[in-house]
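**Q** Fold the following and give me the result.
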Amino acid sequence: MAGPHRGHTRPMARDVPRFPFRTSLTRIQGHLSSSRDAPTSALVHSPHPYARALGLFAVVLLGAWLGLLIVGSVKTPVGPMDTKMTLRPSLTGGTKINVSPLGALELSTHTAPIRLDVDVDQLDPVRSQALVEHPERLSGLQGEVSHDVMDGTTELAVRSVVAVVSGATALGLAVYRRPRRALVAGGLALTLLAASGVGAYATWNPKSVLEPRFSGLLSSAPQVVGSARSIVNDFNVYQKELARLVTNVTKLYDAASTLPTFQPDPATLRVLHVSDIHLNPAAWHIIGSLVEQYGIHLIIDSGDTMDHGASAENTFLDPIADLDVPYVWVRGNHDSRGTQEYLRRMKNVRVLDEGRAVTVAGVRVAGSGDPQFTPDRSVEAQGDPAERMTGIRLASALRDQQRAGTPAHIAVAHNPVAARETDGLVPLALSGHIHHRETQMLPHGTRLKIEGSTGGGGLRAVQNETPEKVQMSVLYLDRTTKRLQAWDEITLGGLGLTTAEVSRHLPQEIVTPGAGASPSPDPSGTGGTGPSSGTGSPAPPTGSPSRTPGAAPPAPGAGAPSPTPPDVPLPAP
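**A** Reported below is the predicted structural model:
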């Protein structure tokens, strides 16, 4: 029994491990370790790649902005002025010139996510006195200003690169605490700045100084860029315009507390276009101020002067008689026939209806009143078909005027739907009704200008979340051809707001260097006319020939219309 038992136990002794207790302990520890780590790994997730990229982008933008804010500005002299130039993030780009305390001048110089801010800190008395004592130095001011601006922008570009890269790198190091991520942030900031610079260079518009936007006290001094005629004749190259701008701002500072008054070109007719006053009494004060400031020759009102057209509202119209300039008026859909008859009795008012034409201040204007009277929602509107029919009748009257040798220069209708029917028959058509400003070139060459609400929506302004702006325009017409040369869009803050902007605009062919004032036939066949905002050289409409300002009129019998007759007499009250 002992032999077999011994032979059976020996093999079993060889199969038993030498350290059974240590092996089991190791397995238990591994199991506990994996069990302890399992919940931790399940709760902790690595950030999503898009979230990491978005966070890095936010760090780059914030760091670049802080860098520009702290060290990204340059103080440099520009002519007789000390200025500070700064790059700022912006959604629209452009250049803003702050002339404290007179206001600001905004130019659409480029489209990029960066804006150039130029702050005019002060006028250097030594350099200014040198210009006063030696006027001959003004001839060299152009080169001096161009050189100063070039030096300033070069230094600003270098400083901005350093500011953007340093700011993004420093913020990246503070947030991520890893040098590699910080360097990536700095490199990305440099890439964004370079891309913005390329975008600004690609969209650079040197003619932007021709259409500035004024704010503050400068809104009452549009002569800072010259009159409409001086813009056409003198402002062809950006450097010349910049030198003129600096010179005029110098004169403003030299005048100290007195702003120069507006000096219109004697060869320019100035027409004030107003619309949709809607019983706002403040409108008469604004119109009276503009008549005096600009030396207005003629006011054209495209309707909706009233709100309900009731006879009780008629006394609201009395200030028109005190404006002391001709007032041409067409009926809007809020103006009644009673309103029209009340205005017809005023000596300085010309009421236009059914295509009637009058000649005022040398400008022949034809117009028709709105066919609909819809003062409130209780009256059912006939809609666009009625407006279109009124426009067709107005167009027929314009053709009759042409056949009679007395073509109209301007057509007026309250609703743009009616005004569009005059396309090709007049160089300029005016309307309102929609309470916001638009300028359109119609297919056959007529420029349609739709004015906003000169009364800021009137009593209806309180119905909206934000007040409607008060809008009107000053139109500059050539005294010889009666063609539109330029226009100023005047915008005031609405109810409870005290802001003012004046924006100068020029027709495209006048902005283009070397373009003449008289258009040539349009090879594209679009039939453009007069001063155009489109491309090409448009042709004049039938019956309204164009010639260069100052040129002799065509000889009799050569197809030219006869001289414009005197004003059409008003019907008896």
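**Q** only C-alpha atoms for contact and neighbour calcs from this point on.
**A** Will do.
**Q** Can you check which helix is longest in this structure?
**A** helix 141-176 (DSSP state H).
**Q** helices and strands around that one, which ones?
**A** helix 49-71, strand 73-78, strand 81-89, helix 179-202, helix 238-254 (3 or more C-alpha pairs under 8 Å, 6 or more residues apart in numbering; DSSP states H and E).
**Q** To residue 342, which of those lies closest?
**A** helix 238-254 (45.3 Å; C-alpha to C-alpha).
**Q** Now do the same for that closest one: mean pLDDT, whole number.
**A** What helix 238-254 shows for mean pLDDT is 46.
**Q** again with stretch 491-509
**A** So the average pLDDT for stretch 491-509 ends up being 72.
**Q** Pretty sure residue 357 sits in a strand.
**A** Yes - Residue 357: assigned to a strand according to DSSP: H, G, I helix; E, B strand; the rest coil.
**Q** For the closest residue to it other than its chain neighbours, which three-state class applies?
**A** Residue nearest to residue 357 in three dimensions, not counting chain neighbours: residue 366, with 4.0 Å by C-alpha to C-alpha, 6 or more residues apart in numbering. Of the three states, residue 366 takes strand according to three-state DSSP.
**Q** same question, residue 448
**A** strand.
**Q** mind listing what it touches?
**A** In this structure, residue 448 makes contact with 419-420, 428-431, 439-442, judged by C-alpha atoms under 8 Å, 6 or more residues apart in numbering.
**Q** Give me the buried entries from those residues.
**A** Taking 16 or more other C-alpha atoms under 10 Å as the criterion, what is buried in these is 419-420, 428-431, 440-442.
**Q** In helices, which of these appear?
**A** residue 419.
**Q** Check the buried ones among the contacts of residue 448 against residue 89 and report the nearest one.
**A** residue 440 (32.1 Å).
**Q** Give the closest residue to the closest one in space, chain neighbours not counted.
**A** residue 448 is the one closest to residue 440 (C-alpha to C-alpha, 6+ apart), at 5.1 Å.
**Q** Against residue 434, how distant is that neighbour?
**A** Counting by C-alpha to C-alpha, to the nearest Å, the gap from residue 448 to residue 434 is 13 Å.
**Q** just to revisit the earlier point, any chance of the helices and strands packed on helix 141-176 in a markdown table, plus distance to residue 311 and mean neighbour count?
**A** Converted to a markdown table, these look like this (distance: least, C-alpha to C-alpha, whole Å; neighbours: other C-alpha atoms under 10 Å):
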| stretch | distance to residue 311 | mean neighbour count |
| --- | --- | --- |
| helix 49-71 | 60 | 18 |
| strand 73-78 | 60 | 20 |
| strand 81-89 | 55 | 20 |
| helix 179-202 | 57 | 18 |
| helix 238-254 | 48 | 18 |
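**Q** Looking at these, which is nearest to residue 351?
**A** Of those, nearest to residue 351 by C-alpha to C-alpha is helix 238-254, at 41.5 Å.
**Q** Which one of the contacts of residue 448 is nearest to residue 187?
**A** Closest approach to residue 187 among the contacts of residue 448 (C-alpha to C-alpha): residue 439, at 44.6 Å.
**Q** show me what contacts the residue lying closest to residue 267 once chain neighbours are set aside?
**A** Distances taken as C-alpha to C-alpha, 6+ apart put residue 479 closest to residue 267, at 5.6 Å, once the chain neighbours are dropped. Counting by C-alpha under 8 Å, 6+ apart, residue 479 touches 267-269, 362.
**Q** most surrounded residue in these?
**A** Neighbour count (other C-alpha atoms under 10 Å) singles out residue 269 as the most crowded of the contacts of residue 479, with 25 neighbours.
**Q** Name the strands paired with the helix or strand hosting that residue and say parallel or antiparallel.
**A** Under the criterion of DSSP states H and E, residue 269 resides in strand 268-274. Here strand 268-274 has these sheet partners by DSSP bridges: strand 298-301 (parallel), strand 470-478 (antiparallel).
**Q** what packs against the helix or strand that it is followed by?
**A** Elements were assigned by DSSP H and E; along the chain past strand 268-274, the next helix or strand is helix 282-294. The helices and strands touching helix 282-294, judged by 3+ C-alpha pairs under 8 Å, 6+ apart, number zero.
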